[in-house]
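pasted the sequence and its predicted model underneath.
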Amino acid sequence: MVKKQKIGMITHFFPKISVAIVELTGSLKKGDKISIEGHDSAVEMTVESMQIEHSPVEKAKKGDAIGLKVIEPVKEKDVVYKVTE
């Protein structure tokens, strides 16, 4: 059974570099599966690259604002879920 846990929200998206800024309300690490969901779209992906203040990090915690490389365009206020099986 697939479980989703809300871990953050998109606060900004940079389309030229395909990076979303995520305000985290939970923890996230490289290799985690996530789903970014808005009212008209959903993007499922594995976290491969994230940064805090332009420095690559392996994991981030609640309260961090991260730059997350995404595979498709997302929108501000889209919700980020961690997906576990």
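Here it is on my side, so go on.

what are the neighbouring residues in contact with the residue lying closest to Lys75 once chain neighbours are set aside?
What sits nearest to Lys75 in space, not counting adjacent residues and going by CB to CB, 6 or more residues apart in numbering, is Gly38, at 5.2 Å. In this view, the C-beta of every residue, glycine as well, is placed from N, C-alpha and C. For Gly38, the contacting residues are 74-75, 77-79, by CB atoms under 8 Å, 6 or more residues apart in numbering.

at 10 Å instead, please
In this structure, Gly38 makes contact with 10, 74-79, judged by CB atoms under 10 Å, 6 or more residues apart in numbering.

got a quick PyMOL command for the buried subset of those residues?
In PyMOL syntax, the buried subset of the contacts of Gly38 is picked out as below (16 or more other CB atoms under 10 Å):
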select buried, resi 10+74+78+79
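
format the contacts of Gly38 as TSV; extra columns: distance to Glu85, secondary structure and pLDDT.
Formatted as TSV, the contacts of Gly38 follow (distance: CB to CB, whole Å; DSSP: H, G, I helix; E, B strand; the rest coil; pLDDT from 0 to 100):
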residue	distance to Glu85	secondary structure	pLDDT
Ile10	24	strand	98
Val74	23	coil	97
Lys75	27	coil	97
Glu76	29	coil	97
Lys77	27	coil	97
Asp78	22	coil	98
Val79	20	strand	98
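
just checking, Gln51 touches Leu68?
Yes. The pair formed by Gln51 and Leu68 meets the contact definition of CB atoms under 10 Å, at 8.2 Å.

and Gly26, which of the three is it?
Classification of Gly26 using DSSP: H, G, I helix; E, B strand; the rest coil returns coil.

ranges for the strands of this structure?
3-14, 19-24, 28-29, 33-37, 42-46, 50-52, 55-56, 59-60, 65-69, 79-84 (DSSP state E).

need the contact list for the nearest residue to Lys3 once chain neighbours are set aside.
For Lys3, ignoring the flanking residues on the chain, the nearest one in space by CB to CB, 6+ apart is Thr84 at 5.0 Å. Remark: with contacts taken as CB under 10 Å, 6+ apart, Thr84 is in contact with 1-5, 32-33.
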